[in-house]
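Undergrad: Got a predicted structure here, sequence first:
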Amino acid sequence: MSHFFTYSVLTATVATALGLAAPFLLAALGETVGQRSGVINLGVDGIMLLSAFATYFTALRTGNLFYAILVGMGVGAVMGVVTAFISVTLKAEQGISGIGIYLFGLGFSDLLFIKLVGTPLPIATLNPVNIPLLDRIPAVGGMFFKQTILVYLAFVLVPVVTFVLNRTTFGMKIRAVGENPAAADSVGVNVVRIRWEAVLIGCVLAGLAGAALLMFDGIFQENLTQAEGFIAVALVYFGAWRPVGVMGGSVLYGLAIAVVLEWKSLGIIPLSASDLAATAPAVITVLALLTVARRFRQPAALGKPYERGG
Amino acid sequence: MSRVSAAAASAWKDPRRFVLSWVALPLSLVAALLLGAVMMLVLGANPINGYNAMIVGAFDGSYALGSTAVQAAPLLLVAVGICVAFRANVFNIGGEGQLAMGGLAGSATALALPHLPSVVLIPLVLLAGAAGGAVWGAIPGAFKAYFNVNEILSTIMLNLVAVQVMNWLLAGPMVDKTQNSTYGLIPETKLLPRNSWLPIIVPNTQLHLGVLVAVLVSVGVWVLLYRTSFGFRLQAVGLSRDASRYAGMPVKRTMTLAMTISGAMCGIGGALLVFGSISHRMVTDGSLTGFTGSDGFNGIVVALFGALNPLWSVISAFLFGGMIVGGDALQVATGVPADMVTALEGLVVVFVVSLEYMRRRSRATSLSPAAGPRTPLVAAGERGDP
C-alpha cells in the first residue's frame, strides 16, 4: 500500500482518472441535455461504438486526428437524426428503441472493423497539451494540466452546458419541454423541434465521447466501450440531471477505474481479486440511484412522447 | 386461444388495422433483412447467397434444427422473463446478469452435490439457477417498487456487477486448477458431474432436455399470465398502479414478484447455458458477453418480436436462434462477419417500436380517442384487443 501513496503514483493515477472520465463526461453531458428535454436516449453505447470505429478508421487511413474526431462527431450526428426521428417524430417507446440502436451499433461497428480493418493496428493518439504556467504547479499541474485537448473540452463543457440550460432562452425551452410540454406548446414553443435539437446535441456529444475513448485507448476492438455508454446514462441520474453532479459522477467513476488499475499493476490487490474490486463503481452507482431517486425529481415528461391534446 | 381468433375476426372488419396488427411484426423483420441486404451489397457480398447460407445453416437438416433449438432455449427463457415483467410494466434489461447468476448458482450446486442421481440433480441445478436469477431480478424489482429506481438503469448496472463477480469466481475460487496451460488458467470450472448434464433427447443432434424445459416453462408462464388471478393482478398493476392500489392490490409486492419471476426465468436460461453446453463446464473469456453470448440482450429482441407473449415467443426464439446459428454460416459463405446478426437484431427492434406508432395512430382514429401513448408495448402484447 505504501507504494501507492507516493507523489508520482498518486499524480499519475489522478491524471489517468481524468482521461478515463472524459468519455463518460462527454456522453453524460449530452444525455443530460436530451433528458432535460424529456427524451431518454439509451442508444448512447451503440453510438459511441460506431463513432469510435469511424474515428479509428479515419485516423488509420488519413493519419489526421482532427478529421478523425470530426468524422466521429459526424457519425454521432447521423445517429442523432435516426434517434430523434424514432423517439421524437415516431414517438416510439424510448427505452426499447435505444436498445435497438445499441445492438445495431454493437453489431455494425464490429462488422465494419472485421471487414474493413481486420488486423488491429494502433493509431497515433492525441498528444497531451501542457497549459503554460499552470502545468508547473507541483502535483496539481501533473494531475490536471497535462491532458489532451478532448479532456479539457469535456470539463470546459460542464459550465457551458450549465449556462446554456439555466441562463439562455434555448435552455429554458429545453427544460420547459422536458417538464411540461403541453404548457410549452401552448405558449408557442415548438416541442418537436426543441427535442430534436436536444437529442442531436446529445448524440454529437456521444460521438465525441466515442472519439475520446478511442483516443484514450489508441486502438479499436470489439465492444470497445464495455457498456460505458450505459454507465453514462446512469451517471445522468447519479448527477440528478445537473452538469456539475454529472461531472462528479464521471470523475468518481474514472478514479475508481484508475485506482483499481494502479493497484493491480502495483500488486496491492491480487490479480484474481481485481475483477471483484472492479464492481465497486457499478455498486456505488446503484446505491447512488437509490439516493437520487428519493431526493431528486426527474424531468416530469422524461420518457414520455408528446402528443398534442393527448 | 379464443382471444386471438376473436381479435382476428374483429380485425377483418377494419383492413388497415388488420395489416398493422398482424403484419407489422413480420414487416419489421423483412425491413431489417432488406436493409441488411443493402449492407451486404455495400460490403461486396451477394445478399442472396448470404441469406441462403444462413437459412441452410440454421434450418436444413435435423442437426442444424437441433443446434438452432439449443441456441433458442435460453433466448426463449429470457424472453419469457421479459414478458412477465412487462406485464407489470417493468422492463427487465438485466438478462445478462441474471443468466450469469443462474449459471453460477447451478454450477456451484452441481459441484457441491456431485453424487446425486440425474433425476434429482438435474431438477435441482435448474432450480438453483432459477434461484440465482431470481435474487438478481428481485433486487432491481424491489428498488423499482419501493424506491422508484429506474429499473432499466439498475438492471444494466447489476449486469456489470454480475459479470465481474462471475469473472472473479471463474478465474479464482471456482477455477479448474487441474488444467495445465502455459498461458495461465482459462476462467472455467472443472468438468461438471456427468449426472448434471442435460441428456440429449434426439440422437445425433445437440438437442437436449433443456429445450423441452424452456418450451414447457413458456406454456406455464402463458397460463400464469392469462389464466390466473395473479396474471390479472400483474396486468392491472401494469396498466395503472394507482387504480390497482385503490382496488386493494399489493402493488409494490406484485412488481417485485414480477421481476423476481422474470429473473428466475433468465436464471434457468443461465443453467441451460452451462448444463447444455458441449464442454459441460461454466466458461467465460473475461469479456462482458463471454458466458452469455449476449443472450440477455438477444432475448429482448425475441420478446418484442414475439409480441411480448410467451407462446409467440417460442416461434420468435426459434427464428432468432436460427439467425444466430446461421450467422456463422453467413460468415463462412460470404465473408460477412457474424456480427451482421446483432446489427439485424438492432434494426428489428427499431422497426418494431417505430411501426408501433402507426398501429397506435390507427387505433386512435378507428377506436377510442383516449388510446394514448402511455404503454404502447402493453398494447403490443395484446394486439387485437380493443
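TA: Thanks, I have the structure now. These numbers were taken from a predicted model, which means no experiment stands behind them.

Undergrad: Tell me where the longest helix sits in chain B.
TA: Among the segments of chain B that qualify as a helix by DSSP state H, the longest is helix B:118-147.

Undergrad: Could you pull out the buried residues of that helix?
TA: Applying a neighbour-count criterion of 16 or more other Cβ atoms under 10 Å in any protein chain shown, the buried positions in helix B:118-147 are B:121-122, B:124-145. Just so you know, the C-beta spots here come from the backbone N, C-alpha and C atoms, and that holds for glycine as well.

Undergrad: near chain A, which of those residues show up?
TA: Restricting those to those within reach of chain A (Cβ under 8 Å from any Cβ of the partner chain) leaves B:Phe143.

Undergrad: just to revisit the earlier point, next secondary structure after the longest helix of chain B?
TA: Elements were assigned by DSSP states H and E; along the chain past helix B:118-147, the next helix or strand is helix B:151-171.

Undergrad: for the record, mean pLDDT for that following helix?
TA: Per-region confidence: helix B:151-171 scores 93 on mean pLDDT.

Undergrad: what's the angle between that helix and helix B:118-147?
TA: Calculated by axes from the mean of the first three to the mean of the last three Cα atoms, to 10 degrees, helix B:151-171 forms an angle of 140 degrees with helix B:118-147.

Undergrad: elements contacting helix B:151-171?
TA: Counting contacts by 3 or more Cβ pairs under 8 Å, 6 or more residues apart in numbering or on different chains; DSSP states H and E, helix B:151-171 packs against helix A:228-238, helix A:274-277, helix A:280-295, helix B:95-112, helix B:118-147.

Undergrad: remind me which residues of the stretch 1-150 of chain B are low pLDDT?
TA: B:1-21 (pLDDT under 70).

Undergrad: Show me what from it comes close to chain A.
TA: For the stretch 1-150 of chain B, the residues found near chain A under the criterion Cβ under 8 Å from any Cβ are B:39, B:43, B:91, B:93, B:143, B:147-150.

Undergrad: okay, now residue 90: neighbour count?
TA: Answering for chain A, as no chain was given. The local packing count at A:Leu90 equals 17, with neighbours defined by other Cβ atoms under 10 Å in any protein chain shown.

Undergrad: please go with chain B instead
TA: Counted with other Cβ under 10 Å, the burial measure for B:Val90 works out to 26 neighbours.

Undergrad: do the same with B:Asn180
TA: Counted with other Cβ under 10 Å, residues neighbouring B:Asn180 total 5.

Undergrad: That one: which element?
TA: Counting by DSSP H and E, B:Asn180 is held by no secondary-structure element, helix or strand.

Undergrad: Now do it against B:Val283, distance only.
TA: When Cβ to Cβ, to the nearest Å is applied, the distance between B:Asn180 and B:Val283 equals 17 Å.

Undergrad: Would you map the helices across the stretch 51-200 of chain A?
TA: In order along the chain, the stretch 51-200 of chain A carries the following helices (DSSP state H, counting those that start in this stretch): A:65-84, A:94-112, A:140-144, A:149-167, A:169-179, A:181-186, A:191-217.

Undergrad: can you pull the contacts of B:Lys199?
TA: Just to correct that, residue B:199 is Pro rather than Lys. With contact set as Cβ atoms under 8 Å, 6 or more residues apart in numbering or on different chains, B:Pro199 has these partners: B:118, B:208-209.

Undergrad: out of those residues, who's nearest chain A?
TA: Within the contacts of B:Pro199, distances to chain A taken as Cβ to the nearest Cβ reach their minimum at B:His208, with 27.3 Å.

Undergrad: who's that closest one bridged to?
TA: Beta bridges link B:His208 to B:Ile200 when assigned by DSSP bridges.

Undergrad: check contacts around it.
TA: In this structure, B:His208 makes contact with B:70, B:198-201, B:276, judged by Cβ under 8 Å, 6+ apart.

Undergrad: Just the buried ones among the residues you listed, please.
TA: Buried residues within those, defined by neighbour count using 16+ other Cβ under 10 Å: B:70, B:198, B:276.
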